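In: What follows is a protein structure lacking sequence information:
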């Protein structure tokens, strides 16, 4: 079964974006393990807000969302969008069931790109198998937190950690209570 990997940048105080949606605090000066990560995946789960932000960014950057990102099958989870770009798949009903079925299909692992609401529902449903967090050495003091209150504790097993000279720390954890 494919793994669903939540992979994103986060501040030391737990925020994934600033109070006005800004992410200008994210380091972009080097790879930080992205190219190796890209070798592991062939699909992306993305929520509506993150999809719209990524599309807006791509329009301003010659169609490129993230430098070096290969062609991925993008599954956009939204109950409000009516259409998505070519080569993307819109999922608007029975989303947890559809996500489970997609994980069972053959292929590489799947990147849970965002956003916060999608992440929270997938975490609650036990669909996320791994966390790959790029912890940036900054305290934003406000914005959107990655994790909201949970109904239960989630045990993690450290798979890998790497420290960069910029102070960024890359952490990979397996979620213990998920069978994989």
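Out: Ah, there it is. None of these values were measured; they are calculated from a predicted model.
In: For residue 109, grab the count of nearby residues.
Out: 20 (other Cβ atoms under 10 Å). Using the backbone N, CA and C atoms, a C-beta is placed for each residue, glycine as well.
In: How about residue 174?
Out: Residue 174 has 16 neighbouring residues, counting by other Cβ under 10 Å.
In: which strand residues sit across from it in the sheet?
Out: Note on residue 174: beta-bridge partners by DSSP bridges are residue 130, residue 157.
In: quick one, what contacts it?
Out: Contact analysis of residue 174 by Cβ atoms under 8 Å, 6 or more residues apart in numbering lists 129-130, 156-157, 159, 180.
In: From the contact counts, what lies against the lowest-mean-pLDDT helix or strand in the chain?
Out: The least trusted helix or strand in the chain, going by mean pLDDT, DSSP states H and E, turns out to be helix 48-60, with a mean of 86. On a contact count with 3 or more Cβ pairs under 8 Å, 6 or more residues apart in numbering; DSSP states H and E, helix 48-60 meets strand 73-77, strand 109-114.
In: Just the buried ones among the contacts of residue 174, please.
Out: 129-130 (16 or more other Cβ atoms under 10 Å).
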